[in-house]
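Fold the following, please.
(one chain, ligands or ions: 1)
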Amino acid sequence: MTQNSKIWLSSPHMGEEEWKNVQEAFRTNWIAPVGPFLQQFEQGLAERTQNQACAALHSGTAAIHLALHLLGVGKGDVVLCQSLTFVGSANPILYQGAIPVYIDSELQSWNICPEALETAIKHYCAKNKKPKAIIAVDLYGMPAQWEALQMLSEKYEIPMIEDAAEALGSTYKGKPCGAFGHFGVLSFNGNKIITTSGGGALVSNDVDAIAQARFLATQAKENTPHYEHTTLGYNYRLSNVSAAIGVGQLQVLEDRIQAKRQNHDFYQALFGDHPGIQFLEEPEGSFSNRWLSCILIEEEKAGFSAEKLRLHLEKQNIESRPLWKPMHLQPLFKDAPYFGGNIAKDLFLQGQCLPSGSNLTLEEKERIQVHIKALF
Ligand SMILES: *Cc1c(COP(=O)(O)O)cnc(C)c1O
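Residues are numbered from 1 along each chain as shown. Reported below is the predicted structural model:
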């Protein structure tokens, strides 16, 4: 490895079994569409997230789309969604012709603020336009305030979709992320804590809904010898080859979580008590997989801004990145209603995601350390 090779924010990290599994899929010609690895992967994901059932899909975005479809979200319906998130959480609201309404974050977990959420729910209920679904996210692996959120979901009888795309392996009061909504959503995109090169999953205790998700994900082909279709479907099913990678990755998930958490410890030690730097602490009862290590930078106190840090590292071929830009600030959603204050916006302006690969080497960490210290 050259001295100045690129250090990525979070790159794929294969274990011992993935390649063997893929070869096994080839040897047995279970290339597509389904196959034994797909079943095994789904079973493993259901178990890991304490759900009764799982449908493995092409992407996490597809999983959110199917969840909205299964909840009957359609044209003109209101869907309440965390603003500080990746656009994959929100795009499926538009696929369904529904109206996204964005909600601010709280400072404890950076996730959807229960108070702002309730304000929005009351607002739409008073207008006789009760929201059809809520999308809450476990951002960067940190669990949202699930106790308060589940209470709101029950009180107002609005189903919850938990976007746990970044939070596989995280827990809240002992229960795994992915288990807190009517539906849980996972992603195995290339930069996630485990990857199938591309993929996602929908998990739920609603076994019938997951069976329906599989049906919708395979073009809604009816159980007839010819191709009979009575409903609109999609081509969203994960292939057995991708699932073969996933089965191997699931075996090393605990190692990946450990490495990610060690990255976070590394950065906490590195920044030490440098003024103006703040980490996202785990609230009591929350365990984060620390998918990405993020900091908030107060420029006046720290002596550098988030953007200055990013450019400084970029010159050294080290990738870092701002936090997700909130959806209510995106041109795509400029007309969407928004409830809350400036928390999500300020997090975006002050935040920076640091290199967080579970495969970061000691040498790479030393390089990061030297160049960050040079800024102090
Ligand atoms: C990655 C991600 C998604 C989408 O997953 P894909 O598999 O890339 O479609 C959705 N929400 C969040 C918060 C994500 O980080």
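
Compute the number of surrounding residues for residue 290.
27 (other Cβ atoms under 10 Å). C-beta here means a position set from N, CA and C on the backbone, and glycine is covered the same way.

tell me which element the closest residue to residue 118 other than its chain neighbours falls in.
Spatially, and ignoring its direct neighbours in sequence, residue 118 is nearest to residue 152 (5.7 Å; Cβ to Cβ, 6 or more residues apart in numbering). Using DSSP states H and E, residue 152 sits in helix 146-155.

ok, back up a step: what's the local residue count around the residue nearest to residue 118?
19.

And it, how close does it get to residue 131?
Residue 152 is 11 Å from residue 131, where distance means Cβ to Cβ, to the nearest Å.

what residues are shared contacts of these two?
121, 158 (Cβ atoms under 8 Å, 6 or more residues apart in numbering).

Hmm, residue 184 is touching residue 162, no?
Yes: using Cβ atoms under 8 Å, residue 184 is in contact with residue 162, at 4.7 Å.

residues shared between the contacts of the two?
Shared contacts of residue 184 and residue 162, defined by Cβ under 8 Å, 6+ apart, comprise 177-178.

Now residue 277. Its backbone dihedrals?
In terms of degrees, to the nearest 10, the main-chain angles of residue 277 are phi -110, psi 130.

about what we covered before: so who does the residue nearest to residue 118 touch?
With Cβ under 8 Å, 6+ apart, residue 152 has these contacts: 114, 117-118, 121, 134, 158.

export those residues to JSON lines and tack on neighbour count, distance to residue 73 and secondary structure?
Rendered in JSON lines, the data for the contacts of residue 152 read as follows (neighbours: other Cβ atoms under 10 Å; distance: Cβ to Cβ, whole Å; DSSP: H, G, I helix; E, B strand; the rest coil):
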{"residue": "114", "neighbour count": "20", "distance to residue 73": "22", "secondary structure": "helix"}
{"residue": "117", "neighbour count": "28", "distance to residue 73": "17", "secondary structure": "helix"}
{"residue": "118", "neighbour count": "18", "distance to residue 73": "20", "secondary structure": "helix"}
{"residue": "121", "neighbour count": "23", "distance to residue 73": "16", "secondary structure": "helix"}
{"residue": "134", "neighbour count": "26", "distance to residue 73": "11", "secondary structure": "strand"}
{"residue": "158", "neighbour count": "22", "distance to residue 73": "11", "secondary structure": "coil"}
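
Just name the closest of these to the ligand, please.
residue 134 (14.5 Å; Cβ to the nearest ligand atom).

thinking that closest one is in contact with residue 158, fair?
Yes: between residue 134 and residue 158 a contact is recorded at 5.6 Å, counting by Cβ under 8 Å.

any shared contact partners between these two?
Joint contacts of residue 134 and residue 158 (Cβ under 8 Å, 6+ apart) are 80, 152.

Can you read off the pLDDT for the most centrally placed residue in the chain?
Most central in the chain under Cα atoms, centre = their mean is residue 165, positioned 2.5 Å from the mean C-alpha point. Looking at residue 165, its pLDDT reads 98.
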